[in-house]
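In: Following is a predicted model, sequence given first.
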Amino acid sequence: MSTCPEFNLRPPIPSDASLFHRVIDKTMRGLIIATWGSWDEERVQREATEFAQSTNGKVIQIGDSSAGILVVDREPRQIWLRQIYLLPEHQGKGVGRRLVKDLLAEGASANVPIRLRVLALNPALAFYVRLGFVVTETTPDLVYMECPA
């Protein structure tokens, strides 16, 4: 793994809905089709717009590039990692790892677990295991994971 590039998180603006859509499309389309047999364009458009308008959504910036998206719901008893997607050209450089480790430190400080779900076919499952997440529930399509406080 190369050195993690400098990055920052910025709040999305309404026009970022197209970025959220592009990132979800580039990173998840194949896995979604493999899992459920089709791609629901209307649903993806709607969710991209919702996440881009949410105070929980962030755009991951590397230099002048919008490199990905992060959506985190902070609740009194847990932190829910909803989405962390980096465009393929920004993957494998340590950005996702650093973002998740920062969330783990936040959870430890607040004494709350970090929870997430991942498609069962998603190779990111191994990434989360390496970072200390454990499987708490599985369905044929989804794996629910947690890193305790």
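Out: Structure's in. What do you need? Predicted model, so just to flag it, every value in this text is computed and none were measured. Residues are numbered from 1 along each chain as shown.
In: What count of nearby residues applies to the closest residue to Ala108 other than its chain neighbours?
Out: Using CB to CB, 6 or more residues apart in numbering and skipping residues adjacent in sequence, the residue nearest Ala108 is Ala149, 6.1 Å away. C-betas here are computed from N, CA, C, even on glycine. By other CB atoms under 10 Å, the residues close to Ala149 number 15.
In: Can you tell me the centre-most residue of the chain?
Out: The residue at the geometric middle of the chain, judged as the C-alpha nearest the mean C-alpha position with CA atoms, centre = their mean, is Ile84 (1.5 Å).
In: about what we covered before: how confident is the prediction for the residue nearest to Ala108, by pLDDT?
Out: Here the pLDDT value assigned to Ala149 is 80.
In: Dump the helix or strand harbouring Ile69 to PDB, restricted to CA.
Out: Secondary structure from DSSP states H and E places Ile69 in strand 65-75. Coordinates of each C-alpha in strand 65-75 appear next as PDB, following Å, rounded to 0.1, in the frame of the first residue of the first chain:
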ATOM      1  CA  SER A  65     -10.800  15.800  -7.000                       C
ATOM      2  CA  SER A  66     -14.000  14.500  -5.500                       C
ATOM      3  CA  ALA A  67     -12.800  11.000  -4.800                       C
ATOM      4  CA  GLY A  68     -15.700   9.400  -3.100                       C
ATOM      5  CA  ILE A  69     -18.500   9.700  -0.600                       C
ATOM      6  CA  LEU A  70     -19.000   9.000   3.100                       C
ATOM      7  CA  VAL A  71     -22.300   8.700   4.900                       C
ATOM      8  CA  VAL A  72     -22.300   8.200   8.700                       C
ATOM      9  CA  ASP A  73     -25.300   8.300  11.000                       C
ATOM     10  CA  ARG A  74     -24.300   9.200  14.600                       C
ATOM     11  CA  GLU A  75     -26.800   8.000  17.100                       C
END
